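S.K.: Give the three-dimensional model of this entry:
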Amino acid sequence: MAELAPREVDLRIDARWIVPVDPAGVLHDHALIVDREHIAAIVPTAQADAAYAPRASVSLPEHVLIPGLVNAHTHAAMTLLRGIADDVPLKVWLEEHIWPREGRFVAPDFVHDGTLLGAAEMLRGGITCCNDMYFYPEAAAEAYEQAGMRAMLGMPILDLPTPYAADADAYLARGFAARDRFKHSRRLSFSLAPHAPYTVSDATWTSIVTYARQLDLVVQTHLAETTHEVEEARAATYETPLARLDRLGATGPGFIAIHAVHVDERDIAILAAQGCHVVHCPASNMKLASGIAPVTALHAEGVNVALGSDGAASNNRLDLFAEMRFASLLAKAATCDAAALPASRVLRMATLDGAAALGLDARTGSLEPGKEADVAAVRLADLEVLPLYDPVSQLVHAAGREHVTDVWVAGERVVADRRFVNLDAGALAARARRWQERLA
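M.R.: Next up is the predicted model:
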């Protein structure tokens, strides 16, 4: 019987370790096979030699391949505000520093340039997908397409007038226009993004719920970020911000609660019963002194928790390696339990759980045949990560984004040996300096 000829495929990546995430387990000396943007197989190296004829091959003998990280909450354009107002409380930070500058400078060119800078930072840190929320989402969409990155774009909604829109109806109209423009994009999706319960009225929330149900759209919002927010809500409505949104019909499997630092037991029960998602942003919450989200309590009730960096204005780094480590350490400190949020669980929060929150887990978030090939390669051979006993533990507790060398989005290589394939780093730095001169 004649042997079958090797199957022609687009790409083969050989690595020392591969971490699929789901199903869990570390594979040693395997090859990841990519064809037509998707993962075709993950097989032992010897088997790959006989079964596949790749058009391109990459050998990474000192690396671990992981799913591309999913930054489940960011305001990417705010990279242009990085470091402009550090070490001040949230209310002062917003009202005296951020909002005045946004009112003066935020426009399509600001959003495009800031998002492109943020996308570059995220890609070089192994982040292949993000959940963005900011004004002028069409300008952000152009930047993500230019960078070759996957993104969910939040259509911002407030009852307050801004240079972007005068009222809630105008916000919705502009958001849907952006969504219609990019409806055929392979890597972009859109969601409804009311800023927060305290900036959006009941009537507007009711409209948002209607649109979400009719169009099957995710709803994402900042929620219970500070004690002040919760206290004001209780004084006004005699209920928590989440209880109010639940009463208005906003909760459900397509609802993302961002931050959720100050949720109580009843709130957690609502999140669990409704199948909602939470995005934990540990670095931003620490820097703005917002508190520590009850991640272990959320997990105990079965709530899906993803990881986000928030924007570079409140965090300074769009860095999920840092967020993974902070999340694990904060959980241990908050519960006095060294076993809380082990490395494997935190890595899942930064990958598959993030994809699930965005409704993209059928496409990305893990390395499995049939999924799109969103992959990050992390070199675990530098002195800072040696000796090495457990690659997953090393990824969370020792490695950093500086150890990411190569990144693929839907099988397209966008970072090669720390260098951008589609972007000019020097030109990006020049744009950032020009904005610095204007904003300072």
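
S.K.: any idea how far whichever strand or helix holds F110 is from the chain center?
M.R.: Element membership of F110 [criterion: DSSP states H and E] is helix 108-124. Relative to its parent chain, helix 108-124 has a centroid offset of 14 Å by Cα atoms, centre = their mean, to the nearest Å.

S.K.: Check stretch 91-110 too.
M.R.: Between the centre of stretch 91-110 and the centre of its chain there are 23 Å (Cα atoms, centre = their mean).

S.K.: List the buried residues for it?
M.R.: Judged by neighbour count using 16 or more other Cβ atoms under 10 Å, the buried positions of stretch 91-110 are W93, L94, H97, I98, R101, E102, F105, V106, F110. Backbone N, C-alpha and C define where each C-beta goes, glycine included.

S.K.: export those to JSON lines and tack on secondary structure and pLDDT?
M.R.: Converted to JSON lines, the buried residues of stretch 91-110 look like this (DSSP: H, G, I helix; E, B strand; the rest coil; pLDDT from 0 to 100):
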{"residue": "W93", "secondary structure": "helix", "pLDDT": "86"}
{"residue": "L94", "secondary structure": "helix", "pLDDT": "84"}
{"residue": "H97", "secondary structure": "helix", "pLDDT": "91"}
{"residue": "I98", "secondary structure": "helix", "pLDDT": "91"}
{"residue": "R101", "secondary structure": "helix", "pLDDT": "93"}
{"residue": "E102", "secondary structure": "helix", "pLDDT": "93"}
{"residue": "F105", "secondary structure": "helix", "pLDDT": "95"}
{"residue": "V106", "secondary structure": "coil", "pLDDT": "96"}
{"residue": "F110", "secondary structure": "helix", "pLDDT": "98"}
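
S.K.: wait, what's in contact with T405?
M.R.: Neighbour list for T405: L60, H63, A377, V378, R379, V415, D417, R418 [criterion: Cβ atoms under 8 Å, 6 or more residues apart in numbering].

S.K.: Tell me how far the third one lies from V421.
M.R.: Applying Cβ to Cβ, to the nearest Å, the value for A377 to V421 is 14 Å.

S.K.: hmm, back to that, most neighbours among the contacts of T405, which one?
M.R.: Within the contacts of T405, V378 tops the neighbour count with 27 neighbours, counted by other Cβ atoms under 10 Å.

S.K.: Could I get the contacting residues of that one?
M.R.: H63, V64, I66, G126, L395, A399, H403, V404, T405.

S.K.: In which helix or strand does it reside?
M.R.: When elements are assigned from DSSP H and E, V378 belongs to strand 375-379.

S.K.: Just give the strands next to that strand in its sheet, each with its orientation.
M.R.: Here strand 375-379 has these sheet partners by DSSP bridges: strand 52-67 (antiparallel), strand 404-409 (antiparallel).

S.K.: Can you name the next helix or strand after the helix holding F110?
M.R.: Assigned by DSSP H and E, the successor of helix 108-124 is strand 127-133.

S.K.: how about low-confidence regions in this protein?
M.R.: Applying pLDDT under 70 to the chain flags residues 1-3.

S.K.: quick one on the thing from earlier: tell me how far the strand holding V378 lies from the chain's centre.
M.R.: Remark: strand 375-379 is offset 17 Å from the chain centroid, using Cα atoms, centre = their mean.

S.K.: tell me the angle that strand makes with helix 108-124.
M.R.: 60 degrees (axes from the mean of the first three to the mean of the last three Cα atoms, to 10 degrees).

S.K.: In CSV, list the C-alpha atoms belonging to strand 375-379.
M.R.: This file holds the C-alpha atoms of strand 375-379, laid out as CSV (Å, rounded to 0.1, in the frame of the first residue of the first chain):
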residue,chain,number,x,y,z
VAL,A,375,0.2,32.4,19.0
ALA,A,376,2.9,34.0,21.2
ALA,A,377,6.4,32.5,21.5
VAL,A,378,8.2,33.2,24.8
ARG,A,379,11.9,32.5,25.1
